[in-house]
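Trainee: quick one: sequence plus predicted model below, questions after.
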Amino acid sequence: MPHLPALRTLLPHTTIWDAAELATRDPGFDARNFGASALVRPRDTAEVAALVKFCAEHGISLVPQGGRTGLTGAAATVAGQVICDLGAMNRVEEIDPFARTAIVQAGATLGALQEAAGQHGLDPGIDLAARGSATVGGMVSTNAGGILAFRNGTMRHRVLGLEAVLPDGSVFSDLTCVLKTSAGYDLKHLFIGAEGTLGIVTRVVVRLDPLAGASAAALVGVPDAASAQRIVRHFLGSTAARLSAAEILWRRFADAMQRALNYTPGQLPLDAPCLLVLGLGADSVEAAQSLLEEGLADIWEEAGIIDGLVAASQAQAELIWRLREETEQIERMHHLPPSFDVSVPGGALDEYVTRIEAGLKAIDASYAPYVFGHLADGNLHISINTDGPVSHERHEAIEDVLYAGLTQAGGSFSAEHGVGLEKREAYERHADPVKQALARAVKAMIDPGNMMNPGKVVAL
């Protein structure tokens with residue numbers, strides 16, 4: 001890359017890798033992440049701003065990257081581009097235990113924030129399986145959800161303020177640390193879910209919640225999602241219990257995970273059409289276990305529960321959670337099969353799953369999808385049982401089955417993984433045309449040179 005010497009002179013103390021160095025490094029979840037000609041790892045906002053201004057002056061497109069755990073190609077790069085790696089900006093700068101806020105650099109992992117907040121009896125109120133590698137900046141940029149979204153909202157609801165470097169190198173600073181502010185346009189929301197296409201998020205103010213003293217887990221076999229929803233409503237209506245997780249696994253997914261994880265037959269109650277993983281918080285593990293046992297007993301007949309197990313130990317709870325969280329087993333089993341992430345409104349889950357199973361079989365009689373997800377907010381994850389990627393035409397046909405009617409019903413074709421590259425064509429086919437036009441207008445106004453993560457989410 002001809003501009004590398006000048007870039008190294010501009011940022012003499014900053015880590016900079018060329019394409020040869022990138023080729024020796026792990027690109028994360030997507031092999032395309034390290035297709036760029038260079039990677040720059042700024043140490044602070046000033047260095048990010050200097051990098052952005054340099055790229056703007058030289059017509060170089062810039063792609064921000066965090067933990068590289070994204071699933072839609074939002075961090076993918078090509079030759080000629082520069083990566084802005086936020087990994088060196090990884091500090092939890094401040095925690096205010098009274099105001100229950102944290103000021104966090106964008107490269108800090110969710111796990112690091114959870115640990116720092118936990119020392120004050122607090123929690124960021126959001127959790128996901130990639131907590132050890134997913135960064136706060138990346139989660140803001142994709143509006144991440146996770147297992148607590150039904151109670152605490154997505155990342156959009158956890159962010160009080162943020163700082164971002166704009167495409168001209170200027171710094172948008174709105175590090176608001178209070179909940180109440182009615183001072184004109186709340187512009188921070190432009191950057192939440194924008195996947196780095198409008199600017200690079202550098203620092204974030206995150207709301208914190210009191211940390212539950214202890215938790216317990218249960219695995220419950222039910223005939224369908226409607227039965228599982230009755231159980232969830234029961235626990236949500238309890239004043240004594242604090243439901244912290246409600247994850248649903250359809251049988252085909254659960255069976256595949258049991259085989260992949262080498263669970264012995266009968267080790268967990270898995271013989272049901274659907275499985276519900278429940279998490280409950282309380283003052284002690286014993287109290288949480290008792291509340292789970294009592295709550296399930298109260299709703300057992302009404303919900304048509306087939307079988308159930310309240311974890312008697314941390315080891316048993318981990319066995320239950322591995323079924324839900326080690327989803328990369330499916331990726332390995334089928335060598336990166338097509339996967340999808342949708343939000344389905346309220347009581348339509350069973351109908352939706354039945355419809356897509358029939359629609360997929362109409363495309364290919366061998367298709368039998370793996371379905372699992374976040375029951376309480378209707379977010380389902382779907383993987384197709386193919387051995388590797390499919391053709392563009394076949395992928396589009398699968399999308400049309402999975403996404404048909406979702407937007408009109410109030411759902412979404414992308415629940416928490418973002419749009420990136422993988423879902424951009426689906427976005428153009430299924431998102432509201434007026435919304436798309438407005439998004440393009442915002443992109444053109446803030447980034448007229450199309451230098452910030454070009455080709456992702458919207459195309460100019």
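Mentor: Done, it's in.
Trainee: skipping adjacent residues, who's closest to Phe29 in space?
Mentor: Thr69 (5.4 Å; Cβ to Cβ, 6 or more residues apart in numbering). For glycine as for every other residue, the C-beta is placed from the backbone atoms N, C-alpha and C.
Trainee: list the contacts for the spatially most central residue of the chain?
Mentor: Nearest to the centroid of the C-alpha atoms of the chain, with distances taken as Cα atoms, centre = their mean, sits Ala144, at 3.9 Å. For Ala144, the contacting residues are 126, 128, 134, 138, 154-155, 416, by Cβ atoms under 8 Å, 6 or more residues apart in numbering.
Trainee: and Ser215, by the same measure?
Mentor: Contact analysis of Ser215 by Cβ under 8 Å, 6+ apart lists 244, 279-282, 285, 288.
Trainee: the residue nearest to the centre of the chain belongs to a strand?
Mentor: No. Under DSSP: H, G, I helix; E, B strand; the rest coil, Ala144 sits outside any strand and is assigned coil.
Trainee: okay, it and Leu402: tell me how far apart.
Mentor: Distance, Ala144 to Leu402, by Cβ to Cβ, to the nearest Å: 21 Å.
Trainee: likewise Pro273?
Mentor: According to Cβ to Cβ, Pro273 stands 20 Å off from Leu402.
Trainee: between the two, which one's more packed in?
Mentor: When neighbours are counted by other Cβ atoms under 10 Å, Pro273 and Leu402 differ, and Leu402 comes out ahead with 23 against 16.
Trainee: element containing the more buried one?
Mentor: Secondary structure assignment for Leu402, by DSSP states H and E: helix 392-403.
Trainee: need the strands for the stretch 101-250 of the chain, in chain order.
Mentor: Along the stretch 101-250 of the chain, the stretches classed as strands by DSSP state E, counting those that start in this stretch are 101-105, 122-123, 159-165, 171-174, 200-207, 209-210, 214-222, 242-250.
Trainee: the residue nearest to Gly346 when sequence neighbours are not counted: neighbouring residues, count only.
Mentor: Excluding the flanking residues, the one nearest Gly346 by Cβ to Cβ, 6+ apart is Gly378, at 6.6 Å. Using other Cβ under 10 Å, Gly378 is surrounded by 23 other residues.
Trainee: which pLDDT value belongs to Gly378?
Mentor: As predicted, Gly378 sits at a pLDDT of 95.
Trainee: dump the residue contacts of it.
Mentor: Contact partners of Gly378, counting by Cβ under 8 Å, 6+ apart, are 343-346, 348-349, 411.
Trainee: in terms of pLDDT, where does the residue lying closest to Ile446 once chain neighbours are set aside sit?
Mentor: Counting by Cβ to Cβ, 6+ apart, Leu198 is the residue found nearest to Ile446 once chain neighbours are left out, at 5.0 Å. pLDDT, Leu198: 98.
Trainee: Leu198 reaches Met445, doesn't it?
Mentor: No. Using Cβ atoms under 8 Å, Leu198 makes no contact with Met445, being 9.5 Å away.
Trainee: and these two? which has more neighbours close in?
Mentor: Leu198 (23 against 9).
Trainee: for that one, give its distance to Arg207.
Mentor: With distances taken as Cβ to Cβ, Leu198 is found 22 Å from Arg207.
Trainee: likewise Cys274?
Mentor: 33 Å.
Trainee: more crowded one of these two?
Mentor: Comparing Cys274 with Arg207 by neighbour count (other Cβ under 10 Å), the higher total belongs to Cys274, at 26 against 20.
Trainee: give the bridge partners for the more buried one, please.
Mentor: Listed by DSSP bridges, the beta-bridge partners for Cys274 are Val222, Trp250.
Trainee: residues in contact with it?
Mentor: 221-225, 227-228, 248-251.
Trainee: domains of the chain?
Mentor: Per the record, the chain has its domains at 4-85, 92-210, 214-325, 328-436, by automatic domain parsing.
Trainee: what does stretch 247-257 rub up against?
Mentor: Defining contact as Cβ under 8 Å, 6+ apart, one finds that stretch 247-257 is touched by 147, 225, 228, 270, 272-277, 322-324, 326-327, 329-330, 333, 349, 353, 368-375, 383.
Trainee: at 6 Å instead, please
Mentor: Stretch 247-257 is contacted from outside by 228, 270, 273-277, 323-324, 329, 370-372, 375, using Cβ atoms under 6 Å, 6 or more residues apart in numbering.
Trainee: any buried residues in it, and which?
Mentor: For stretch 247-257, a neighbour-count test (16 or more other Cβ atoms under 10 Å) marks 247-254, 256-257 as buried.
Trainee: between those, which is nearest Cys177?
Mentor: Closest approach between these and Cys177, by Cβ to Cβ: Glu247, at 32.5 Å.
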